[in-house]
Structure formats: C-alpha cells, structure tokens
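Colleague: Give me the fold of what follows.
(2 chains)
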There are 2 protein chains.
Amino acid sequence: MGNADYVNSSAGVEYGHRVELPPPQPFIKSLKYSLKETFFPDDPLKQFKNQPLSRKIVLGLQYFLPILEWAPRYTFQLLKADLIAGITIASLAIPQGISYAKLANLPPILGLYSSFVPPLVYAMMGSSRDLAVGTVAVASLLIGSMLGNEVKASENPKLYLHLAFTATFFAGIFQAALGFLRLGFIVDFLSHATIVGFMAGAATVVCLQQLKGILGLDHFTHATDLVSVMRSVFSQTHQWRWESVVLGICFLFFLLLTRYFSKRRPKFFWISALAPLTSVILGSLLVYLTHAEKHGVQVIGHLKKGINPPSFADLVFVSPYLTTAIKTGIITGVIALAEGIAVGRSFAMFKSYHIDGNKEMIAIGTMNIVGSCTSCYLTTGPFSRSAVNFNAGCKTAVSNIVMALAVMVTLLFLTPLFHYTPLVVLSSIIISAMLGLIDYEAAIHLWNVDKFDFLVCIGAYVGVVFGSVEIGLVIAVAISLLRVLLFVARPRTFVLGNLPNSMIYRNVEQYPNARNVAGILVLEIDAPIYFANSNYLRERISRWIDEEEDRLKSSGESSLQYVILDMGAVGNIDTSGISMLEEVKKFIDRRGLKLVLANPGAEVMKKLNKSKYIEKIGQEWIFLTVGEAVGACNFTLHTYKPNSSKDEQPDEYNQV
Amino acid sequence: MGNADYVNSSAGVEYGHRVELPPPQPFIKSLKYSLKETFFPDDPLKQFKNQPLSRKIVLGLQYFLPILEWAPRYTFQLLKADLIAGITIASLAIPQGISYAKLANLPPILGLYSSFVPPLVYAMMGSSRDLAVGTVAVASLLIGSMLGNEVKASENPKLYLHLAFTATFFAGIFQAALGFLRLGFIVDFLSHATIVGFMAGAATVVCLQQLKGILGLDHFTHATDLVSVMRSVFSQTHQWRWESVVLGICFLFFLLLTRYFSKRRPKFFWISALAPLTSVILGSLLVYLTHAEKHGVQVIGHLKKGINPPSFADLVFVSPYLTTAIKTGIITGVIALAEGIAVGRSFAMFKSYHIDGNKEMIAIGTMNIVGSCTSCYLTTGPFSRSAVNFNAGCKTAVSNIVMALAVMVTLLFLTPLFHYTPLVVLSSIIISAMLGLIDYEAAIHLWNVDKFDFLVCIGAYVGVVFGSVEIGLVIAVAISLLRVLLFVARPRTFVLGNLPNSMIYRNVEQYPNARNVAGILVLEIDAPIYFANSNYLRERISRWIDEEEDRLKSSGESSLQYVILDMGAVGNIDTSGISMLEEVKKFIDRRGLKLVLANPGAEVMKKLNKSKYIEKIGQEWIFLTVGEAVGACNFTLHTYKPNSSKDEQPDEYNQV
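Modeller: Residues are numbered from 1 along each chain as shown, chains lettered A, B, ... in the order given. Reported below is the predicted structural model:
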C-alpha cells in the first residue's frame, strides 16, 4: 500500500513531480553562503569584481571617502542650493547646540564645537546627501544622566567633561566597529515601535528637565524619572520665578506657532527654521536692555572665543571611570546610530538613492572619534536638523561644510553676543523641538495595526518616563525579542480545508468555505520546528487529532485515516524537531493512522534525509502539494477500503 | 489594467477564489485564544467541562494527586511487579545516594534520607509510572560548586548543610511555581543538543572530581574546570596512594563489565543494577578484613542510625546567604526539572500513556519542598535509576514506595554496615554511571544532521569542562537562542520557478528543473517579517531584482515586468515589516515594475488590511497562489504589451 500505484494509475491528476532533495553542497560552501547572507546581504564587493587593481584602489578609496566620488561632478548650481541649506541649518544648529550641551550638563560652547568638526568629517565619509550632523537631545540627556551617576558635573566639572569626551570616543569606536564588522543589523533590533515609544518617552523626560530652566530653579534633581522631577519641582514652589516663566511661555508660544505655520505651509519651512535663532536674538536683546539677568532670569554668560581646542590628552582611560565611559559610550552610541541611520535611510528612500548602513556606521563612528579628540561630544544626524536641511533644498553633504564654516565664524567672532542669552529661551527651544518627537499618531497606528507593537511602544515609553532611559530601552528590546521567541515557541497550526472546485487547500479559519476532506486531517505548521516549539507542536498535533476524532465520532462521519502535515511554511528544522516528528509518527501509527508530509522545503528535506526520517516515513508518502497528498490518500482509501462508497469521493479529481 | 479582466476572461484557469480576510475577531477573543495557546496548549481543563460539581472536585483532587485515580484499580499482580522493581532500584539507590551526597560535599547519610521522603511524595503526586526518584550527579555537583563559592563545606559544615536545604527549598518552590504558572515551556529552551553537550560535559567534570577518591588525595581543588583539576592532581603526585588506585580500577572494571554485559543482554539488567551494591559489600568486606583504612584507603565512617530528622527550622532566610541559596536553587532546579521531565516523557512515550509536563513540575517541586524540610537535598527522576526501574518491570509509582521502604529499613537498621565502605568504591560507582552519560554517538548524529545543533552541543561541553557548569549552560542557551534570532533576522529568500507541466512554483535551488517565467520574478520569503529582518529583506529583495535584471540584460531576454512575492511562509508581520513592504512597493514602482503578492495568510492579511496596504497595492494584485498570480501577469503582459510574442508564453495555461 503506497502511492506508487496511485501515481502510475490514471485515477487522479498526475504531475509526476517528486519532492526533491536539493543538490548536495559541501559544508564549507553552504557555510560561506550563510555567512555571506548574514554579514554581506547587500553584496558591497560586487563593484570590485573583474576590475583592474588601480581601479580597485580608486573604488576602495571612494568606498570609504564618498566625497572622492561626487566632488569631481560638483557644480556651481549644486553649491548655490547647498549654501542656502547650510546657512539655514547653521541658524538652527547654534541655539540647539548650546541648548543640548546644557542638557548634558556640559559647557554650552561644546555644542558649537560639536557643530564644527564632526560635520566636516561626515561630509567626507558619509553617503547621505541630506543628513545634517549635530548633537541630539536624547543622547545628550543620556550622557548627562549616565555620567552623572559617576561624577557630578557641578562638583568636578573638569573630570566630568573629560569623561564626556571619553564616552564619545568609545561611542565612535563602537559605531565604527559595528560597521567594520558588518554587525549593523544590531541596530535593526531597535524596532520602529521601540523607537516611537522610546523617542516619545525621552522627549517627555527632556521636557520635564526643562522645567528647571522655565521655572528659573537653581537646584534640581539629577534623576530623570517623572516622580523625582515632580517631587523636585513641587518641593520648591517658593523658588519659582515668574519673570522666567512668562518669558519661557512667550517664546514657547512663538516657536510652536512658527512650527505650526511651517507645517501647514511647507514652502515657509524657513520660518520655523529661523525661529530658534530669532528667539535667541530677541531674548538676548530683551535681557540686555532690561537687565533681567539681575531679576532672576539666568543667562548663558561668558563663552570662550576661538575654535575647538584639541582634547585627545583629556581622554580618561583609568578605572573606575573607564567602565562608566565605555558603558555610556556603547548605549549612547547605539541610540545615536539608530537615529542617524534611520534618518539617512528615510531621506535616501525619498530621493531614491542608496545608502549603505555599514558604511554610514563607519562614517558616524569616525566623526565621533575625531570629535572626541577636538572637544566635541556625541553627534549624529538628528531628525529635526536633517529635515530642515532637506526642506532647504540641500543637494550634497556640502551643506554640512557650509554649516561648519558658519559655526566656525560664530566661534571666532560672535560668541560674546550670546552672553546675555537667557537660559529660559534655550529651554523653550528644546521643548518645542521635543514636542515634535511625541508621535501619538504613530502610537495610535500601532494600536490599530499590531497590538504587540503597541505594547512594545508603551513599554518603552513607560520605562523611560517612570524608570530611566536605559530601563525603557531594555524593556522595549526585551518585549520585542520575546515576541520573536514566542512566534517560534508557539507557532500557529491550522487545519486546512479544500477550496471548492480546486485542488487548493487553505486555512479553514481564513477561508470559511474551505471544506474538510472525509477521513483526512490536513494540518499546516507556520514556523520553523525548533527545540523551542517541538514539545508544543507534539502536544498540539495530538490535540488536533483528538479533537478531529471527537468531532467525527459525534457527527457520525467516517473515521480518521490520514494526517497530512503541510510543511510549506516550515523554514527549517533542528534535531529536536526531527525527534518530535519521529514521535508524532509513532503515536499516529499507534492510533492506526498514517502520517503524510506535503511540500517540505529544501532545508527540511536535507535534514529529514540525513536523519533517515524519509526512509522511516517512506519517500512515497511525501508529496509536492497538499492536493496531491489528499489525492493519493483518497485513492488508497477508496481503492483498498471495502467500506468506502463512491459518493464520498471529493470532486477535486474531476475539477481543475 | 488589472487582473479583473483576467479573471473574467476565458484565457486562463479560473479558480475564482480571492484571498480572504479572516472573519474579524474582537481583540479580547483573539487575546484569549493566544493566551490559551501559550499557556494551556494541552487543554488541561477539557475533562472538567460539563461535569457536576462533585465530579469536578473529585477530578480536581485526582489532578493534583493522581494516586487517587489509579489506587482503586491497583491489583496484586501489579504489586508483585512493583515489588521486584522497587527492591532493585533500592539496591542502586543506596550506594548512588551516598556517592552523590559526597559529590555535593554533604554528609553521606543525606543521600539515603533523599531516597526516602521524596519518592513517597512523588508516588502520590507524580503522573509517571516509570520515574524512580533520587538525587542526580550533575545537580549534586552544581550544589557543591555553587554553594562552595559562598561557604566552604570543610570550614562551616553546618551552615553549608543548611544552605543546601534552603537551595533545595527554593528549587522546589521554583519548580512548583513554573508548573502552577504554566511556564513549563521554559524547560523546552534546553534543547536536545544542549542537554547532550551539557550532560557529557557535566559527566566529564564529575569523573575528574572522582580522581580525588581514586587517587586517595586529601586536598583537592574546589574548582570544577579541567585545568584546575589537572593542576591539582599533578601538583601532588607524591600523595597518590597506589592501594586506592588499584582498588578503584578493579571496581571500575567490574562495574563497566557488568554494564556492558547487561547492555548486550537486556534480560540480565539486574546484573548491572545490583553491581553497585555488590561492589559496596565486597569493598566494605575487603577493607574490614584487611584493615585497609589504615593503609591510605579512606572509608565512609560512622553513619547515624534513624530516619530523616526534620529540617524546616534549619532553612536560612538571611542575607547574604539568601541570594546564593535562591540562585543555586533556581539553576539546579531547572536542570533537575529538565532531566525529570525528559525522563518521564521518554518512558511515557514508550509505553504510550500521557504525561502532563506542568503537573509533573508541581509534583517534583512539592517533593523538593517537602524534602527540604525533612533533611533531603535536591531530587528528581534520574535517567539511570528510572531505566533500571523500567527494565525491572515496574507498573506504577508503587515501586517508588517500595524503594522508600527499603531505604527506611536501611536507615533504621543497616547504616553500621557502611562504616567500612571505601570512598574509592563510591568514586568507581560514580564514574561508571557518568561514562554512560557521555553520548558521543548523539554528538556525531548532531554533526551529521545539523551543524548548528552540533555547535550548541560542543559549546555546552566546552563551557562546562573548561569554564563551569553555569557557563556551559549559558553558552548553550545563548547559541540556541541566537539561532532562533538569526532565523528571523536573516530569513531565506528563494527564487521560485515553474515546474514543467504544472502550475506549481518551487524553489529553483531545490528543483533544478523549475524554469523561470519570462518577465516575472517570483520570490519566496521563508520567515515572519519582523523588525529584526525588515531592513535585510528590503536590501535582499532589491538585490534579487538587480541580479535578475542583470541576468536578463546579459542574456538578452525580455526585461522584468513583475515581481511576485510568495507570502505563503510568512507567518506574521509587524509594523516594521509593513513599512518595509511599503518601501519595497515604492522602489519597485519607481523602477517601472509591478509588485504582486501571492497567498498571504490570515494574520498577514489582517495586518495588511488594517494598515491600508491592501488598498495601496490593490486587492486585485493579491492572489491565492503563485500560479494564478503568474497567470494574471502573463495575461496582462501578452494582452496589453504590443511587443510580446506568442512564443514566449509559458505553457502552463494549456497544461493541468
């Protein structure tokens, strides 16, 4: 009794195709293929193939310094566009840089330094045409809170500053290493949902921190969680300064208004782009004229003139600070990287050019390594600044060079102008930028489309707001990974039914008109069969069979004879999975039923063959499609079973 | 231009089936279903359905105390079989118990205590008929090394003993909690490959530890890794006792010989089962007669008479010991559980009765909780003892009761007989038991079938032998999880081709005779589309298209028009995945191609619908099978494109 008769007979549809074993491959070759797919999915060496050595060297240089590739083609037309974009982002970069440096408890001048050297490095090495380099709020806050646990900026500002350089250095090393080692996919583990929740949480936390500046408080908690901040704010209500509050609210209103306007009319993007600088100028003038600094409005104060001093000698490589610096560097590095890569990718997608994630990592890493040696702290490609750059019509990375030059001019000549800039204006600038990061619409979308992603998002948000930035991140990544593991640990199994007038078998839940075939239970397994799910699948398959037999018994239909497993969606199987299949075969045999496999893929066939499972089940009981398997089972049922009646025969034989 | 024309025309095969959205389900209902599948895959409450309350109470009691279910049906015939099996395992339990207690640096008498109370508890609560309860070597060693890090058994034996009870208590709590919370699947994450490698590593380490007894050394390292043990052994060569070595080798030879014999002739299983007790008796007699204890052969010495004293008051709940006890309890608890469950399952499978994993956990957990209060340390169902039980023809858990009674008699009357038992005999017993755990054939099988599983196995082995038991475990679990994550992060994508004379499309690597269809690229994705792989898939799909266009260009064939994604094996998709599909659609559109989906499953359709992707791509471009999709594409290609020729048309239309 086998389906050999069936195939040779003229009873059914004959394809004559067997499920094939893939051609055997030497272990080394398949290992090489797997490694290539894992680390070089984008095939970066493709362009080097079949090229003379000199060309290879040129291509290699162009690979690491894309400027060599596009600079020769640079035109005056492009320069004009980049000039406008560069100046626009510089006007945003200066106040934002100062604000974010304050957020990291670093001297404000560092914000300017960080908008000078890193953009120049990125312009050489980066492959994005739209990314505008600069510091970001979230990473700044993280540096502040993580380093603050080790050294208080107020107590030992010099050591704190040096630790910030060191952390930046390690962030750069880590980022570049990820790129060199082709491990860029680690960033992918920060899912879209994680980033939405995390960014919103970080923005909330950053806004809360700004209460210090808005309320004009001198003392403030170092913790970032909601509870600590609220306690800190409401325990010193008598210290609140109304002058500061009024000024803050006015500027915030102004900034939000311009943002709203520019959002409604994208052509006037420059209004919101220039608003921060306008606020700074207006605020400084106001303070200068009214001497408000003597009435409780805190100002930036003296800013040193001159460009970045070298800081290589300041890097701290001694314990106990080294571990803190490395830890801070790695965490802030990954987060900054995720933002930079995501921003670069989005705009590249929009303008339809290609960005190489690993190359970008090397560029961002290098710019931070160089930055850490020239008094800069962690930079990346912030979304807000890049969006302005894009809207201002930038064409190439030259806009970064223009911005750097503008910042240089500021550093050399204009720093005294910021003496009277009130801190409350900086707080307003930060808040208005942060509110844009709270993307509640995205969260609603997540809820509508995918509840699990929503859970990840909320996990990240709650973790950041009530715990800390790191806790939020860990929660979100843990839930995301749990989801992947759950997918594998608890795969879906479906009963398949026959679609009327076809040989197609589909999930009866999705296709309510699919009909069961008498005496045959068709199951589909929807995930690889791995150790994590083999016990579950064994129990689940046995339960499906129990339920089907109960159903048949209660409805008085003919009893079950065959169990067909559709393996089409089983991508891989491991040895635990094969043991499970062996056990399933045993207990199906013991119940007097027959196990039949349909459509096992290449990888599964290879493993089943090596473990001799094919011999055990019989090659003739493995079919190319569920339709053929059912056909063969029916043929045997009706030919060999005396109790079968012609009427029961499903009509798929005559159809199709 | 859509396929509506195609379906209405008479050009192709008409199924007329649309890809359907599954019927909408309220969120709560689908959540309930998922939770049920995750935590109650075996549907344990099924038997309670539609029963009167009194019956429910009886069933509930029987659920937790299976003895209530089978005891009324117990017969004298069964008792006879259980009696023989019980006495046989008792003869093994006594010397093994003493040996393993020494391994854990605990007083030897604890080994006997642990074979008295826990088997009684298990007999009431356990659902396995073949499991023989007792201590195990690996868990004993782990307790020795983990507690030894906190308190040295030689320096503070009392505290050490109390810590062992406490660790057992927490192990029991943890095991029972896993069962109650239906988290039994955590044990599944110890894959078969992990257990093979881990067991072999632990057996190696345990054998190495026996060098102390065999060589008759007084001082020995507390570390368990190969390097430390070898250094310890060879740094004191002058301390080696030849009397001990000779005795050890003789007994080991005897034990291995009986084991070999019994393995060849399974009927004489009792020879190897009785060999340890015989060795103990012979060894003790020899020492007693020759006074070898005065010539460097160490003996057990005095053993207290009497059954288990209570030890509830000895549990230590104060820091700093509490954390060590909890950690040790959880790790040893999981490992013991994994062995017990695996053993129970194997024999149940063999005799074809059903075992409920979660119920077993509650039974094993309770027996350890009770054990920790009655001077027992960690017990489970060891493989060796259960195999002997099975071979001796046990029928029910009564064999455990018989063993417990035999051990009780020993405790009450026979302990003085063990005074002269030489430690070297115990070492031989352990080594001979451990050698059976090194399953090199299983490792070779892993290498042949699945290289990744082999890597997991070797990782566990090397980790245990060169690091520690915990390190080995962590390495193995980490590699196993990495594999699952890699499967999702780097899913396989295949080009599908048409099998001649059919409408079936399969992977061209597996089916070399599958042919490409002119102008159409068919890709299959073999994993759920999640955040972890969405970037990879985007790059990979774009590379497939590039490669296909290059191939077509170089071979001068007609250019690419359609890209069909076969989603049949995509079990699920998250919001990152949907964004990826949107981007893929954009860049495929930009290249002037058309994206077509084939066979999306229920979950995927639901998400695509909610995110409005179906509207974007057009319902008419989603097909039930790849065959239909190709048919529709071809129809449009040949009907609307003036440059198409009749010859190019594949012949699947006329076939089938």
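Colleague: Could you pull out the strands in chain A for me?
Modeller: A:493-498, A:505-507, A:520-525, A:562-566, A:594-598, A:622-623 (DSSP state E).
Colleague: Show me what the first one is in contact with.
Modeller: Going back to what we said before, that points to strand A:493-498. A:504-509, A:511, A:514-517, A:521-526, A:537, A:540-541, A:544, A:548, A:566, A:626, A:630, A:650, A:652, B:602 (CB atoms under 8 Å, 6 or more residues apart in numbering or on different chains). C-beta coordinates here come from the backbone N, C-alpha and C atoms, glycine included.
Colleague: residue contacts, the residue in the stretch 401-550 of chain A that chain B sits nearest to?
Modeller: Nearest residue of the stretch 401-550 of chain A to chain B, counting by CB to the nearest CB: A:Phe531, 3.0 Å away. Contact analysis of A:Phe531 by CB under 8 Å, 6+ apart lists A:Asp574, A:Ser576, A:Gly577, B:Asp188, B:Phe189, B:Leu190, B:Ser191, B:His192, B:Ala193, B:Thr194, B:Ser480.
Colleague: Which of those residues fall within helices?
Modeller: Among these, DSSP state H puts A:Ser576, A:Gly577, B:His192, B:Ala193, B:Thr194, B:Ser480 in helices.
Colleague: Which residue in the residues you listed has the weakest pLDDT?
Modeller: Of all these, B:His192 has the smallest pLDDT value, namely 82.
Colleague: circling back to that earlier point, could you dump the ones in helices among the contacts of A:Phe531 into TSV and include distance to B:Leu560 and neighbour count?
Modeller: Shown next, in TSV, are the ones in helices among the contacts of A:Phe531 (distance: CB to CB, whole Å; neighbours: other CB atoms under 10 Å in any protein chain shown):
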residue	distance to B:Leu560	neighbour count
A:Ser576	41	24
A:Gly577	37	28
B:His192	45	22
B:Ala193	43	30
B:Thr194	45	25
B:Ser480	40	26
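Colleague: Now the two most distant members of those residues.
Modeller: Across those, the longest distance by CB to CB is 14.1 Å; it joins A:Gly577 and B:Thr194.
Colleague: just the residues of the stretch 251-400 of chain A that are near chain B, which are they?
Modeller: A:Met349, A:Ser352, A:Gly357 (CB under 8 Å from any CB of the partner chain).
Colleague: would you list every one of the helices in the stretch 351-500 of chain A?
Modeller: Remark: helices assigned in the stretch 351-500 of chain A by DSSP state H, counting those that start in this stretch are A:357-372, A:383-391, A:398-409, A:423-435, A:440-449, A:451-462, A:469-489.
Colleague: what comes up buried for the last one?
Modeller: Pointing back at helix A:469-489 there. A:469-477, A:479-481, A:483-489 (16 or more other CB atoms under 10 Å in any protein chain shown).
Colleague: Counting neighbours, what do you get for A:Lys158?
Modeller: By the criterion of other CB atoms under 10 Å in any protein chain shown, A:Lys158 has 10 neighbours.
Colleague: same deal with A:Trp544?
Modeller: 16.
Colleague: For the closest residue to it other than its chain neighbours, give me the pLDDT.
Modeller: Once flanking residues are discounted, A:Trp544 sits nearest to A:Leu523: 5.8 Å by CB to CB, 6 or more residues apart in numbering or on different chains. Looking at A:Leu523, its pLDDT stands at 94.
Colleague: so what's A:Leu523 up against?
Modeller: Applying CB under 8 Å, 6+ apart, the residues near A:Leu523 are A:Thr493, A:Phe494, A:Val495, A:Leu496, A:Ile541, A:Trp544, A:Val563, A:Ile564, A:Leu565, A:Asp566.
Colleague: Relative to A:Val495, how far out is the nearest residue to the last one once chain neighbours are set aside?
Modeller: Put plainly, it is A:Asp566. Excluding the flanking residues, the one nearest A:Asp566 by CB to CB, 6+ apart is A:Glu524, at 4.2 Å. Relative to A:Val495, A:Glu524 is positioned 8 Å away (CB to CB, to the nearest Å).
Colleague: which residues are common contacts for the two?
Modeller: A:Asn507.
Colleague: okay, the two: which has more neighbours?
Modeller: A:Glu524 (26 against 17).
Colleague: Any idea what the more buried one is bridged to?
Modeller: In this entry, A:Glu524 is beta-bridged to A:Phe494, A:Asp566, by DSSP bridges.
Colleague: OK, contacts around it?
Modeller: A:Thr493, A:Phe494, A:Val495, A:Leu496, A:Asn507, A:Leu565, A:Asp566, A:Gly568, A:Ala569.
Colleague: now do A:Asp42
Modeller: A:Asp356, A:Gly357, A:Asn358, B:Glu539, B:Arg543.
Colleague: The last one reaches A:Asp43, doesn't it?
Modeller: Yep, that's B:Arg543 we're talking about. Yes: in this structure B:Arg543 lies within contact range of A:Asp43 using CB atoms under 8 Å: 6.1 Å.
Colleague: what about A:Ile458, neighbour count?
Modeller: By other CB under 10 Å, 21 other residues sit near A:Ile458.
Colleague: With the one 3 residues further on instead?
Modeller: Number of residues near A:Tyr461 (other CB under 10 Å) recorded here: 24.
Colleague: measure it to A:Glu582 for me?
Modeller: Distance of A:Tyr461 to A:Glu582, given as CB to CB: 47 Å.
Colleague: May I see the contacts of A:Phe531 organised as TSV, with distance to B:Phe234 added?
Modeller: Compiled in TSV, the contacts of A:Phe531 are given as follows (distance: CB to CB, whole Å):
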residue	distance to B:Phe234
A:Asp574	40
A:Ser576	40
A:Gly577	44
B:Asp188	42
B:Phe189	38
B:Leu190	34
B:Ser191	36
B:His192	36
B:Ala193	33
B:Thr194	32
B:Ser480	36
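Colleague: Let me know the closest of those to A:Arg231.
Modeller: Nearest to A:Arg231 among the contacts of A:Phe531, with distances taken as CB to CB, is B:Phe189, at 41.7 Å.
Colleague: what's the burial count for the closest one?
Modeller: Applying other CB under 10 Å, we find 19 residues neighbouring B:Phe189.
Colleague: That one against B:Ser480, yeah?
Modeller: Yes: under the criterion of CB under 8 Å, B:Phe189 is in contact with B:Ser480, at a separation of 6.9 Å.
Colleague: what residues are shared contacts of these two?
Modeller: Contacts common to B:Phe189 and B:Ser480, judged by CB under 8 Å, 6+ apart, are A:Phe531, A:Ala532.
Colleague: and A:Phe40, how far is that from A:Gly296?
Modeller: From A:Phe40 over to A:Gly296 (counting by CB to CB), the distance is 60 Å.
Colleague: got it, and A:Met361?
Modeller: Applying CB to CB to A:Met361 and A:Gly296 gives a distance of 46 Å.
Colleague: Comparing the two, which residue is more hemmed in?
Modeller: A:Met361 (27 against 16).
Colleague: Let me see the contact set for that one.
Modeller: A:Met361 neighbours (CB under 8 Å, 6+ apart): A:Gln175, A:Ala176, A:Leu178, A:Gly179, A:Gly184, A:Val187, A:Leu337, A:Ile341.
Colleague: Quick check: the spatially closest residue to A:Phe27 that is not a sequence neighbour vs B:His192, distance?
Modeller: Among residues not flanking A:Phe27 along the chain, B:Lys451 sits closest, at 6.8 Å (CB to CB, 6+ apart). B:Lys451 sits 15 Å away from B:His192, going by CB to CB.
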